[in-house]
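Asks: fold the following for me, if possible:
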Amino acid sequence: MSHGLYPQSSREFAEKRWQLSPDTEEAFQNFSKAVFAEGALSAKLKQLIAVAVAHTTQCPYCIKGHTRAAMRMGVSETELMEAVWVAAEMRAGGACAHSILAIEEMENIRRSQ
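Replies: Below you'll find the model as predicted:
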């Protein structure tokens, strides 16, 4: 991530975020712990879901962090890649599904001419 667009995540940035808004940062950290805790879904599956979602939101920090967390929990590289492909299909599927908006607009323009 040191390609210029996204600075490398660091302890200094995390501390600065904490200093600027400690109550909100603490609330977010507690929320994150609750979300990724064992529940009806395993913590491992939640991390795999997070990897897929991170690819749809295209957050490089989330992609790296949740990939590391998933692998620490035993998610295989093959499982991770399948999750990435699910994310890719969902992004493409969204574009395909929303094409109806463009088609509808084309028809509206054609009718108004």
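Asks: for the longest helix along the chain, buried residues please.
Replies: Ranked by residue count, the top helix of the chain under DSSP state H comes out as helix 77-112. Using 16 or more other Cβ atoms under 10 Å as the test for burial, helix 77-112 gives E79, L80, A83, V84, V86, A87. For glycine as for every other residue, the C-beta is placed from the backbone atoms N, C-alpha and C.
Asks: before we move on, what about stretch 48-62?
Replies: Buried-residue list, stretch 48-62, by 16+ other Cβ under 10 Å: L48, I49, A50, V51, A52, V53, A54, H55.
Asks: check stretch 39-49 too.
Replies: Per 16+ other Cβ under 10 Å, stretch 39-49 contains these buried residues: K44, L45, K46, Q47, L48, I49.
Asks: the second one and H66: what is the separation?
Replies: Same thing as L45. 12 Å (Cβ to Cβ, to the nearest Å).
Asks: next: the fifth one.
Replies: According to Cβ to Cβ, L48 and H66 sit 8 Å apart.
Asks: just the first one next, same as before
Replies: For K44, the distance to H66 under the criterion Cβ to Cβ works out to 11 Å.
Asks: which ones among the buried residues of stretch 39-49 map onto helices?
Replies: Under the assignment DSSP H, the buried residues of stretch 39-49 contribute K44, L45, K46, Q47, L48, I49 to helices.
Asks: picking that back up, return the distance of the longest helix of the chain from the chain's centre.
Replies: Taking Cα atoms, centre = their mean, to the nearest Å, one finds the center of helix 77-112 at 18 Å from the center of the full chain.
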